[in-house]
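Visitor: Give me a 3D structure for the following:
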Amino acid sequence: MSESSNCLLSKSLVFNQENPLLVSRYVNDRIGVHCIDSSRPYDKKSTLFHQTFGSLDLCRIHYGNPATVASSGIGDCYHLQLIMQGKCHSLLNHHKTNHQPGDLFMINPQDSIDLTYSSDCEKLIIKFPEFIVHQLCAEQNWGYPSTGVRFDSDFRLSMDDTSIFNLLSFICIEAERSHGNSILLKSCNEIMIRKLLDIFPSNIAKNLTDPQQDIFLTIKKYIENNIKKNPELTDILKVAPNISQRTLYSIFKKFTNMTPMNYIRERKMECIQAELCASGNSHNITSIAMNYGFFHLGRFSESYKKRFGVLPSDTIRLARQARDAG
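Guide: Got it, this is the predicted structure:
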């Protein structure tokens, strides 16, 4: 994938020719907690593109300076990193790797990593949450490791498999074109994660039968069909009457790494984001939020920004700008 590929363009531009420390603060708040070496002088040559697409965060970054970045763990998400140009040296789990343009590697949740960039290094980061991987493992009838899914950090993909690079390009294009089609968002997110699970070695035990899988899928379908009705624990337990509340929590921990109510809240937020993108009218924020059970607009806006990195009104504005530009 070359520099000219469609990996986020002007519609997603956040910073252009800025100080790397400013760009780093933005990334730290929205993409992954890290620390950039602040002891050296920097030229204002940093560029950053950022776009959300369903549960994915897409980030194209170019510091424009030699830079060293360290992270002690990126939380409950994965980072897929594609080197687009320049060089990147990584120290991940005591393993040193020199990355070249076209290299694709994965950072697992809680991995400590040190990255050193050349001044001309540019990379694409795809951030996706653990719970998507949980769900797909359940749907594929794969045994989910008790320690969570971990991709092989010593494995890096080269340009030999062009399908993944074409898919990443397509995801970036759709992220900038999307008008809030929730089915498209969900489908694209799942396709990308399924592809990564297919090509990256991991600790997943495939083709193992889990007796709790059918229970989870039944409950998940009920939640999707009643997401605006504020389903409670008592409602969910009626869907699967042969399990206890403790077992219910255990099932959701296994397949989503969340409590049942946190999972419902996450799905509500994703549905609201899709509706806001499609709305184009900031006057609809209150009614959309209330339709999903959020009656305190201030707290809702705060939770929404924490989840997606922008306010609800910004989501509408950015979606409207993308439609006007398209």
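
Visitor: only C-alpha atoms for contact and neighbour calcs from this point on.
Guide: Will do.

Visitor: What is the neighbour count of A274?
Guide: 23 (other CA atoms under 10 Å).

Visitor: cool, and G298?
Guide: 10.

Visitor: how about the helices in the stretch 101-250 of the chain?
Guide: Under the criterion DSSP state H, counting those that start in this stretch, the stretch 101-250 of the chain contains helices at 130-139, 162-177, 182-199, 213-225, 233-239, 245-256.

Visitor: which one of the ones you listed lies closest to K123?
Guide: When the helices of the stretch 101-250 of the chain are compared by CA to CA, helix 162-177 sits nearest K123, at 12.5 Å.

Visitor: just checking, what packs against the closest one?
Guide: Counting contacts by 3 or more CA pairs under 8 Å, 6 or more residues apart in numbering; DSSP states H and E, helix 162-177 is packed against strand 46-53, helix 182-199, helix 312-325.

Visitor: Could you work out which of the helices of the stretch 101-250 of the chain reaches nearest to F151?
Guide: When these are ranked by proximity to F151 (CA to CA), helix 182-199 comes first, at 8.3 Å.

Visitor: In terms of secondary structure, what does that closest one contact?
Guide: Under the contact rule (3+ CA pairs under 8 Å, 6+ apart), helix 182-199 is packed against helix 130-139, helix 162-177, helix 260-279.

Visitor: okay, now the domains of this protein?
Guide: The chain resolves into domains spanning 10-199, 213-325 when parsed by automatic domain parsing.

Visitor: closest to K206 out of those domains?
Guide: domain 10-199 (4.5 Å).

Visitor: Now do the end-to-end distance for the closest one.
Guide: With CA to CA, to the nearest Å as the measure, domain 10-199 spans 31 Å from end to end.

Visitor: re earlier: just put the helices of the stretch 101-250 of the chain in a markdown table and tack on mean neighbour count, mean pLDDT and distance to R265.
Guide: Output for the helices of the stretch 101-250 of the chain, formatted as a markdown table (neighbours: other CA atoms under 10 Å; pLDDT from 0 to 100; distance: least, CA to CA, whole Å):
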| stretch | mean neighbour count | mean pLDDT | distance to R265 |
| --- | --- | --- | --- |
| helix 130-139 | 21 | 82 | 13 |
| helix 162-177 | 18 | 84 | 23 |
| helix 182-199 | 15 | 82 | 16 |
| helix 213-225 | 16 | 88 | 11 |
| helix 233-239 | 14 | 92 | 13 |
| helix 245-256 | 18 | 90 | 13 |
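
Visitor: average pLDDT across stretch 53-67?
Guide: Average pLDDT, stretch 53-67: 92.

Visitor: Just the buried positions in that stretch, please.
Guide: Judged by neighbour count (16 or more other CA atoms under 10 Å), stretch 53-67 contains these buried residues: 53-65, 67.
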